[in-house]
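A.B. asks: sequence and predicted structure below; questions after.
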Amino acid sequence: MRIVDIRERTAPISSPIANAFIDFSKMTLSLVAVVTDVIRDGRPVIGYGFNSNGRYGQGGLIRERFAPRVLTAAPDSLLDEASLLDPGKIWAAMFTNEKPGGHGERSVAIGTIDMAVWDAVAKIASKPLFRLLAERAKVQANPRVFVYAAGGYYHPGKGLEGLAAEMQGYLDRGYTVVKMKIGGAPLADDCKRIETVLKMLPAGCKLAVDANGRFDLDTAVAYAKALRQYDLFWYEEAGDPLDYELQAKLAEHYPGPMATGENLFSMQDARNLIRYGGMRPDRDWLQFDCALSYGLVEYLRTLEMLKSYGWSWSRCIPHGGHQMSLNIAAGLGLGGNESYPDLFQPYGGFPDGVRVEAGHITMPELPGIGFEGKSDLITEMRSLAS
Ligand SMILES: O=C([O-])CC(=O)C(=O)O
Ligand SMILES: [Mg+2]
């Protein structure tokens, strides 16, 4: 068994939206296909992967460094004892001659290939990835996964009515938690936006807000003082993602749940957040996204690290809105997953026919990550390799 080809294409996922830090007018991602020599139903098994929104396509790194290292490794060195592709060994081949620290965006390039590797491995096992992960971890899978709707971006010409209509669309589709951006407007304006959404939420539904790392400590605290009257689902990424002291000090001013971690790209960065960020295991949420942070091989190390610090994996709700994290959530008992019902298509979302009911979806029993169940996405993927 061996990997015979790794292909990459950088594709646009541009959109006229903005958060407090960036706009998405030139956003791209890398789509990757890992082609194996395993034949199923007369066709080679191909794993697919892509990176989450927020970082750009990684074609250069993938083509110059990471794909060649896998393709030139001795094929047997990438197999486990059962002679099956071993994601850990493939990961180690990609990381050959890479220094520790300064994780930059190579973690995105590796994470994208890693997603495709796991898709292939689960397809070769003829199992949904979430079942494979649960079996390997000797835990019970739970195909019912909490999902929340992320949106509420700043958008030229979009007023309070537009924001309310967007949120109503998510509620109508079965979501019980919705998320909107803050920090891209003055505090008083953001409070009006928040109150507009809170007013329309039925009982039992909640709002999360996301500042995308925009604030210095004083601004983060000023927002905390205004936000704590609202009973929010969470207050996300108030300050710079690497400013652990800011995060820790903010907890003195904000008793409600906070969330962060989408821009921490390694187990070591995640560990620094846990060690020094003052995050509270009884109420806060961790958003590490494997598709940006060296993939599931690294995410498993992050989960072990969390366990050693006494954190439950149910406090993790990853960023990114992709099916990879849905599988990790269903297989390993994470708290849920992000979803962007109207954005970043065809990459985000669920297999066709999957509906959100009372804020949860149920994973279909599709081999691999489940991309074959989403017709617009698999069409795109097969145009890269089939
Ligand atoms: O706007 C973005 O960059 C995406 C984001 O923070 C999120 O989904 O939490
Ligand atoms: Mg965010």
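C.D. replies: Everything's here; your move. Ligands and ions are numbered 1, 2, ... in the order given.
A.B. asks: how far off centre is the lengthiest helix in the chain?
C.D. replies: For the chain, the longest helix by residue count, based on DSSP state H, is helix 106-124. Helix 106-124 sits 14 Å away from the centroid of its parent chain (CA atoms, centre = their mean, to the nearest Å).
A.B. asks: what mean pLDDT does that helix get?
C.D. replies: Helix 106-124 shows a mean pLDDT of 98.
A.B. asks: tell me the helix or strand right after that helix.
C.D. replies: Using DSSP states H and E, the helix or strand that follows helix 106-124 in sequence is helix 129-137.
A.B. asks: measure Glu236 to ligand 1 for me?
C.D. replies: From Glu236 across to ligand 1, the span is 6 Å (CB to the nearest ligand atom, to the nearest Å). (Each C-beta comes from the backbone N, C-alpha and C, glycine too.)
A.B. asks: that residue is in contact with Arg214, isn't it?
C.D. replies: No - contact criterion CB atoms under 8 Å: Glu236 and Arg214 do not qualify, at 11.0 Å.
A.B. asks: can I get the longest helix of the chain in CSV, CA atoms only?
C.D. replies: C-alpha atoms of helix 106-124 as CSV (Å, rounded to 0.1, in the frame of the first residue of the first chain):
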residue,chain,number,x,y,z
ARG,A,106,3.5,25.3,7.6
SER,A,107,0.9,24.0,10.2
VAL,A,108,-1.8,24.8,7.7
ALA,A,109,-0.1,23.1,4.8
ILE,A,110,0.6,19.9,6.9
GLY,A,111,-2.9,20.0,8.4
THR,A,112,-4.5,20.1,4.9
ILE,A,113,-2.5,17.0,3.7
ASP,A,114,-3.2,15.3,7.1
MET,A,115,-7.0,15.7,6.5
ALA,A,116,-6.7,14.0,3.2
VAL,A,117,-4.6,11.2,4.7
TRP,A,118,-7.2,10.4,7.4
ASP,A,119,-10.0,10.5,4.7
ALA,A,120,-8.0,7.9,2.7
VAL,A,121,-7.3,5.8,5.8
ALA,A,122,-10.9,5.6,6.9
LYS,A,123,-12.1,4.9,3.3
ILE,A,124,-9.6,2.1,3.1
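A.B. asks: residue numbers of the stretch 151-300 of the chain in contact with ligand 1?
C.D. replies: 210, 212, 262 (CB under 6 Å from any ligand atom).
A.B. asks: who wins for neighbours among these?
C.D. replies: The residue in these with the most neighbours, by other CB atoms under 10 Å, is Asp210 (26 neighbours).
A.B. asks: what angle do the host helix or strand of Ala149 and helix 129-137 make?
C.D. replies: Per DSSP H and E, Ala149 falls inside strand 144-150. Angle, strand 144-150 to helix 129-137, by axes from the mean of the first three to the mean of the last three CA atoms, to 10 degrees: 130 degrees.
A.B. asks: just checking, next helix/strand downstream of strand 144-150?
C.D. replies: Once strand 144-150 ends, the next helix or strand along the chain (criterion: DSSP H and E) is helix 160-172.
A.B. asks: that next one - what's its average pLDDT?
C.D. replies: Rounded mean pLDDT across helix 160-172 is 98.
A.B. asks: rewinding a little: same list, the residues of the stretch 151-300 of the chain next to ligand 1, but as JSON lines with pLDDT please.
C.D. replies: Listed next are those as JSON lines, based on pLDDT from 0 to 100:
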{"residue": "Asp210", "pLDDT": "98"}
{"residue": "Asn212", "pLDDT": "98"}
{"residue": "Glu262", "pLDDT": "98"}
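A.B. asks: just checking, which of the residues you listed belong to strands?
C.D. replies: Members of these lying in strands (criterion: DSSP state E): Asp210.
A.B. asks: up against ligand 1, what does the stretch 1-150 of the chain have?
C.D. replies: Going by CB under 6 Å from any ligand atom, the residues of the stretch 1-150 of the chain near ligand 1 are 19, 54, 150.
A.B. asks: in the protein, which strand has the most residues?
C.D. replies: Max-length strand for the chain by DSSP E is strand 28-40.
A.B. asks: return the set of buried residues in that one.
C.D. replies: By 16 or more other CB atoms under 10 Å, the buried positions in strand 28-40 come out as 28-36, 38.
A.B. asks: what does stretch 93-112 give?
C.D. replies: Neighbour-count burial for stretch 93-112, counted by 16+ other CB under 10 Å, picks out 93-95, 103, 105-112.
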